[in-house]
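Enquirer: Got a sequence here, can you model it:
(one chain, ligands or ions: 2)
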Amino acid sequence: MPSLVIGTKSKKPARSRKKKISAALKKISNEHIPVSREKTEDLASRDKGSLVARKALERSEKSFRALAEHAPDIIARFDKDFRHLYVNRQAEKVLGISRENIIGRTHSELGYPDYLVDLWQKKIVDVFLKKEKMTIEFAVLVHSGDRYFESSLVPELNEQGEVESVLALTRDITHFKETEKRISDLNTRLKAQAKDLENINQELESFTYAVSHDLRAPIRSIKGFTEAIQQDFLSELPDKAKDYLRRANRAAHKMSQLIDSLLELSREGRKEVQTGRVNLSSLARDFLAELRNSQPERKSEFVIEEGLEVRGDSRLLEIALQNLLRNAWKFTMGRSPARIEFGVKNEKDKRIFFVRDNGVGFDMSYAGKLFVPFQRLHSASEFPGAGVGLSTVKRIMRKHNGRIWAESQEGKGATFYFSIGAEENDDGGR
Ligand SMILES: Nc1ncnc2c1ncn2[C@@H]1O[C@H](COP(=O)(O)OP(=O)(O)O)[C@@H](O)[C@H]1O
Ligand SMILES: [Mg+2]
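Expert: Ligands and ions are numbered 1, 2, ... in the order given. So this is what the prediction gives:
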């Protein structure tokens, strides 16, 4: 009630408030409670009401018409005989026909090709029968090439709930289709390029394998003959020659180790991934036990989180894990006890496994070299090795869509982290 609103909000003195209330009441009674001229006023107001409603309807129709006329899409209305009842300006523009020549005509009378006439008629019949919105997509050949359209056909119901006409909203989706095609062409090209790269990679792998394999025999013979000379003619040789021989033998030995590592590296690269369940915890436990047995004099402490399973290639993952654990064992050489930990931490739904040790660690500014073949951050005299272990691990991780990285501080141990991306598409390993 308006009077109440006045009463609660006003801060004016009571008398003036009362005056306002009575004025408002009077206004309401004048407007709404006619006493003597009830009938005539009633009729007049009804007329006035319908006039207002008609005006509102006209206004709304006008604005909808303006919307339809200025819409960037083609809008048309069809009767059950497929005749155009209405088309908007965009339809005239796209068809190149004025609306006087469109209205009352069917697609066939407008010279549409048969396949389009059939498509439209079939869908219009469907909408009439099913009373449901439908969509169609079609291509039209114009002088500049194919143009693609998408139409939504909407049933328009009368008061009895029957379909009286079908409203069709048609959008030119040529641009979208072209983009879609460009993306798909690009994808095809990318796939072809990836295949090429894979082939080249495989050729390289085979080359490395063949070369390293063929180098083995000559190196073996250098090693063998230098050793034979040392054994058979040692007493006849001057000291200088003995020294040269020893050096030549050592170099041949080192070279044979490098070749073995190269072979190992290329062998891993050539292997196909065979996916299955892999229990990393038990692999770690078994291998650490082996390491402990190999040097029983060392004091060591292992912490292994149990039950860590992933999906992947068991053989490859075993090689990767062994490399990490062997490094942890090697670079904790002087520690007593050596402490090696294998565990997992969860980060954003992703499991990150880690191998942590309390060994000599490394300088993080050289971390970029860790996974490069034959790069080592420690001298061979201090810690023997060829420097291919971590590159092999990295390859194996890549084959599993995974990642490997490390954190360390010199003298304070190192932690190697890895995640296996391949299992993201798979819930078997969780
Ligand atoms: N746990 C570790 N602690 C400290 N340094 C490490 C560790 N693991 C690897 N590294 C560094 O990374 C280098 C490369 O490792 P890797 O490829 O396994 O070769 P290798 O074990 O033959 O030296 C090592 O020489 C060492 O400098
Ligand atoms: Mg190693």
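Enquirer: how many other residues sit next to the closest residue to ligand 1 within the stretch 1-150 of the chain?
Expert: Closest approach between the stretch 1-150 of the chain and ligand 1, counting by Cβ to the nearest ligand atom: Tyr148, at 55.4 Å. The C-beta positions use only the backbone N, C-alpha and C, and glycine is treated the same way. Residues lying near Tyr148 (other Cβ atoms under 10 Å) number 18.
Enquirer: Val393 too?
Expert: 26.
Enquirer: Quick one: name the residues of the protein near ligand 1.
Expert: 323, 327-328, 331, 357, 359-362, 370, 376-378, 385-391, 414 (Cβ under 6 Å from any ligand atom).
Enquirer: how about 5 Å then?
Expert: Proximity of the chain to ligand 1, by Cβ under 5 Å from any ligand atom, involves residues 327-328, 331, 359, 362, 370, 376-378, 385-387, 389-390, 414.
Enquirer: Quick check: PyMOL command selecting the buried ones in those.
Expert: Buried subset of the residues of the chain next to ligand 1, written as a PyMOL selection, criterion 16 or more other Cβ atoms under 10 Å:
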select buried, resi 327+328+331+359+362+370+376+377+386+387+389+390+414
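Enquirer: and the least confident of the residues of the chain next to ligand 1?
Expert: Note: of these, the lowest pLDDT belongs to Ala386, at 84.
Enquirer: so what's that residue up against?
Expert: Gln257, Leu258, Asp260, Ser261, Phe374 (Cβ atoms under 8 Å, 6 or more residues apart in numbering).
Enquirer: Now whichever strand or helix holds Glu100 - C-alpha only, CSV.
Expert: Using DSSP states H and E, Glu100 sits in helix 99-102. Written as CSV, here are the backbone C-alpha positions of helix 99-102 (Å, rounded to 0.1, in the frame of the first residue of the first chain):
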residue,chain,number,x,y,z
ARG,A,99,11.6,-10.9,-51.0
GLU,A,100,8.6,-10.3,-53.3
ASN,A,101,10.0,-13.0,-55.5
ILE,A,102,10.7,-15.3,-52.6
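Enquirer: could you say what helices and strands it packs with?
Expert: With contacts defined as 3 or more Cβ pairs under 8 Å, 6 or more residues apart in numbering; DSSP states H and E, helix 99-102 has these neighbours: strand 84-87, helix 89-95.
Enquirer: Give the closest residue to the closest residue to ligand 2 within the stretch 301-430 of the chain in space, chain neighbours not counted.
Expert: Taking Cβ to the ion as the measure, the point where the stretch 301-430 of the chain comes nearest ligand 2 is Gly389, at 2.7 Å. Spatial nearest neighbour of Gly389, excluding adjacent residues (Cβ to Cβ, 6 or more residues apart in numbering): Asn323 at 4.1 Å.
Enquirer: The residue of the stretch 1-150 of the chain closest to ligand 1 in helix, strand or coil?
Expert: strand (DSSP: H, G, I helix; E, B strand; the rest coil).
Enquirer: Neighbours of the closest residue to Leu95 other than its chain neighbours, how many?
Expert: Of all residues not flanking Leu95 in the chain, Ile102 sits nearest, at 6.8 Å (Cβ to Cβ, 6+ apart). By the criterion of other Cβ under 10 Å, Ile102 has 18 neighbours.
Enquirer: Quick check: Ile102 touching Tyr86?
Expert: No. Using Cβ atoms under 8 Å, Ile102 is not in contact with Tyr86, being 9.2 Å away.
Enquirer: between these two, what contacts are shared?
Expert: Common neighbours of Ile102 and Tyr86 (Cβ under 8 Å, 6+ apart) do not exist.
Enquirer: how about the helices of the stretch 301-430 of the chain, start to end?
Expert: 314-330, 389-399 (DSSP state H, counting those that start in this stretch).
Enquirer: picking that back up, what sits against the residue nearest to Leu95?
Expert: Taking Cβ under 8 Å, 6+ apart, one finds His84, Val87, Ala91, Glu92, Leu95, Leu110 in contact with Ile102.
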